[in-house]
Structures are given as structure tokens and as C-alpha cells.
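K.L.:
predicted structure and sequence below. I'll ask about it afterward.
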Amino acid sequence: MRRSILMTAAACAVVLVGTAPTAAALAPVTAVSDASLAAVARPILERTPHDQAGVAYIDSSGTRYAYFGATEDSEYEIGSITKTFTAGLFTEAISRGEVREDTRVGELLPVGGTPVADVMLIELASHKSGLPQFALTPDMAAGGIAWQLEGKNPFTFDREALLNQARWSPLVGRGLVVSYSTLGYALLGQALASAAHTDYATLLRERMLEPLGLAHTWLPLTAADLPPGVSTGFNAQGRPQDAWPIDAYAPAGGLRSTLPDVARYTSALLAGTAPGSSAMTPRWDNFGGTRSGMSWTIINRDGHEYTMHGGGTGGFQGVIMMDRARGRAVVIQTNQVANIERDGLDLLNAL
């Protein structure tokens, strides 16, 4: 989720913010079920700045944990990992006969007469719709600048604002290449909710969170939904960031969760019992030799195939890294932004 929203916002931040505070060092171990996991994870995590972190290793014997400055109750924004839930909901909706892969956005959402109305749901799910990563609109630009300069939540758009952004969005390279689009996944989730005659939060809870037993995973939509003292994180330079309840963009990155819940979800994915697990199936080739499922990226390293998805917000970063053939996975969650997708792959290979 947390990628540069607009180059103009980033440029303004560089000019106006000035010297950044020192990034925090990784906290000491605070809880562990496997000391060897903590020992292997620490030097990998310390390659980039982290404040607190939790690591889970999952295999046929169960799940082991190591926490650095965190506990099993620490809550994180899991950002774009939410997209994997939305992809799962899409495959579930197909199996229920509510939608087809070739259902058009305009059949479910009021965007008629604009380019996005003709986009198929499978194009949204595969990041091949031609939509930009984020809407190229003044309200999105303003949100991006407020985030970069002040650590504010840039995604405070309700459903109508999201639809208006979609109506104004051009389609570039539609169907030709995989081009990551947070806007596209927000629309996908809203379209699936419309097809099921409900709202996205209810759809997600009833079809994914409750069946999986994810009791500590939830979806705030606005700041009013957040309890007092809700956890917040830091950017890569150690600056405090606001929480990100992201309203209509929630299907693309709005979930909050704990490490044990994300590990439980990952275990179900490995077992193929999570609703919509078929979304992980590789279907599209990307530049650089990777492949894609619906939201999931499949990479090859040393002859082994890994299925992964990362996620981040203004102050949190996480990754799910799975070796499905060997029934193993690593989950990392942190409350400071850093590029931990490589950390997840290196940690899984080191265990």
C-alpha cells in the first residue's frame, strides 16, 4: 500500500521537510517461542531500520514466533496484504455465481460512460486494467502531500469520492502488462460488495475473517472507528505517522491485525483451506521473470518457487513469504516502514 503516492508529493517533501530524525534500532527480544528463530531473524531485520517487529515461521510442525519490542497482542496495519483477502473474495464470488471474470465494472458500480466502466473484474484482480497505481486527481495529490510533509493519512475518501476518481482515471496499457493499481483493488472490493448486496466490511467479515477464525483482524474505515491509544508507527526515517483508516480504499489496504492472526491466515493458505486460495495460482508472466496470481507474486530463487505479498502504510510494513511446495512460510510485521520483502525471502531460506 505504502508506495510514493505522487512524484510531486515526494518532491515537495524532500524540499520542505529538512533533516530527518534518526531511525530507530531494532528492539530487544520481548517474547519468543523459538530462540533459534530470534537468533536467525535479528541480523536479517537489522539490515534496515525497525523499531518493533514480530516474526512467525510456519511449517508442518506448527508455528513459531519471535517478538522484538512487541507481543502477540501488538496490532499492525497490514496494508496491501489486504488485497489478498479481496482477491480471495473475488474467487469466492465467482464460485457463488455472483460475478464472472469478465463482469464489467460498469455492471456493478455507477461509472457508466467512462473508460473504467468497460474494465473487467479479472483485469482489476490481475493488475492489468490500465488504471494508475493511484488516482491522478487533485484530491489524491493533496492527500499525498499531507502524508509526505506531516505524516497524515492520505486516504480519507468515501465511496463516492473513490468512484469520482475512477471516472477521471485514464487507462494506459490495458491488458498488455501487469501494472500495480491500488485504485483498481479498491474498485474490485467495492464491486464485489455491490454484487453481494452488502458493504465491503460485512462481506470481508462474513466470508473471510469469521470462517478463518481471525478474531483480532478488523477493518476501521474512518478515524472515528479507531479506539483511544490505537497503535501507530513510523516512516523509514523514524517520524511518527497517523493511523490509516482508509474508508473506500479499504479493499486495497485497510486491515489491521496481529502477527498470530496473519500467521493463522498464512497457515490456511498453505493448506489450501483459506476461502479463495486459488487466487494464488500463477496465471500471468511479468517483466523480470516473476509471475502473478490474483494479487500474489510468484518468484523463483535457486530453483524454488515462492509466493508472496507485502504490505505497508505510512508507519507499518509486513510480508507473507510462502514456499508452498515445501509447506513453509514466514510472516514479518513491523511498525516502521522498510523494504522487508527481501528480508522475508532471506529469512525463509535461512531456516
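P.N.:
On my side now, so go ahead. These numbers were taken from a predicted model, which means no experiment stands behind them.
K.L.:
and residue 59, how far from residue 37?
P.N.:
Going from residue 59 to residue 37 by C-beta to C-beta, to the nearest Å gives 11 Å. In this view, the C-beta of every residue, glycine as well, is placed from N, C-alpha and C.
K.L.:
higher neighbour count, those two?
P.N.:
Higher neighbour count among residue 59 and residue 37: residue 37, with 20 against 16, using other C-beta atoms under 10 Å.
K.L.:
correct me, but residue 183 touches residue 130?
P.N.:
No. Taking contacts as C-beta atoms under 8 Å, residue 183 lies outside contact range of residue 130: 10.9 Å.
K.L.:
so which of these two has more stuff around it?
P.N.:
The neighbour comparison of residue 183 against residue 130 (other C-beta under 10 Å) goes to residue 183, with 24 against 21.
K.L.:
list the contacts of the more buried one.
P.N.:
With contact set as C-beta atoms under 8 Å, 6 or more residues apart in numbering, residue 183 has these partners: 131-135, 162, 165-166, 169, 252.
K.L.:
same thing but 10 Å
P.N.:
116, 124, 129, 131-137, 140, 162, 165-166, 169, 249, 252 (C-beta atoms under 10 Å, 6 or more residues apart in numbering).
K.L.:
then residue 178?
P.N.:
Contacts of residue 178 by C-beta under 10 Å, 6+ apart are 126-128, 284-287, 290-292, 297.
K.L.:
which helix or strand contains it?
P.N.:
Following DSSP states H and E, one finds residue 178 outside all helices and strands.
K.L.:
all helices for the stretch 151-300 of the chain, in order.
P.N.:
Taking DSSP state H, counting those that start in this stretch, the helices of the stretch 151-300 of the chain run over residues 159-168, 182-195, 200-204, 210-212, 250-253, 259-271.
K.L.:
check the burial of residue 247 by counting its neighbours.
P.N.:
21.
K.L.:
my read: it touches residue 189, true?
P.N.:
No. Here residue 247 lies out of contact with residue 189, judged by C-beta atoms under 10 Å, at a distance of 11.7 Å.
K.L.:
got any residues that touch both of the two?
P.N.:
Jointly contacting residue 247 and residue 189 under the rule C-beta under 10 Å, 6+ apart are residue 254.
K.L.:
between residue 183 and residue 130, which contacts overlap?
P.N.:
Common neighbours of residue 183 and residue 130 (C-beta under 10 Å, 6+ apart) are 116, 169.
K.L.:
once you drop chain neighbours, what's closest to residue 118?
P.N.:
residue 104 (5.8 Å; C-beta to C-beta, 6 or more residues apart in numbering).
K.L.:
what sits against the one you found?
P.N.:
With contact set as C-beta under 10 Å, 6+ apart, residue 104 has these partners: 111-112, 116-121, 123, 191.
K.L.:
please apply the same query to residue 67.
P.N.:
Counting by C-beta under 10 Å, 6+ apart, residue 67 touches 27-33, 38, 52-56, 74, 259, 333.
K.L.:
now the residues you listed: which count as buried?
P.N.:
29, 32, 38, 52-56, 74, 259, 333 (16 or more other C-beta atoms under 10 Å).
K.L.:
nearest to residue 344, of those residues?
P.N.:
residue 55 (9.2 Å; C-beta to C-beta).
K.L.:
quick one: secondary structure of the closest one?
P.N.:
Per DSSP: H, G, I helix; E, B strand; the rest coil, the local secondary structure of residue 55 is strand.
K.L.:
and the pLDDT for it?
P.N.:
pLDDT, residue 55: 98.
K.L.:
ok, now residue 47?
P.N.:
So, for residue 47, pLDDT stands at 89.
K.L.:
gap between it and residue 89?
P.N.:
Distance from residue 47 to residue 89, counting by C-beta to C-beta: 35 Å.
K.L.:
same check on residue 99?
P.N.:
Counting by C-beta to C-beta - residue 99 and residue 89 are separated by 10 Å.
K.L.:
touching both of these two, which residues are there?
P.N.:
188, 192, 196.
K.L.:
among the residues you listed, which one has the most neighbours?
P.N.:
Ranking the shared contacts of residue 99 and residue 89 using other C-beta under 10 Å puts residue 188 first, with 31 neighbours.
K.L.:
in this structure that residue contacts residue 89, no?
P.N.:
Yes. Between residue 188 and residue 89 a contact is recorded at 8.6 Å, counting by C-beta under 10 Å.
K.L.:
list the residues that contact both of those two?
P.N.:
In contact with both residue 188 and residue 89: 125, 200, 251, using C-beta under 10 Å, 6+ apart.
K.L.:
let's have the residues you listed in TSV, adding neighbour count.
P.N.:
Shown next, in TSV, are the shared contacts of residue 188 and residue 89 (neighbours: other C-beta atoms under 10 Å):
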residue	neighbour count
125	27
200	25
251	32
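K.L.:
reformat the residues you listed as CSV; add distance to residue 320.
P.N.:
Formatted as CSV, these follow (distance: C-beta to C-beta, whole Å):
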residue, distance to residue 320
125, 18
200, 21
251, 17
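K.L.:
for residue 351, state which of these is nearest.
P.N.:
Using C-beta to C-beta, residue 125 is the member of these that sits closest to residue 351, with 31.4 Å.
K.L.:
having no further points to raise, I will conclude here.
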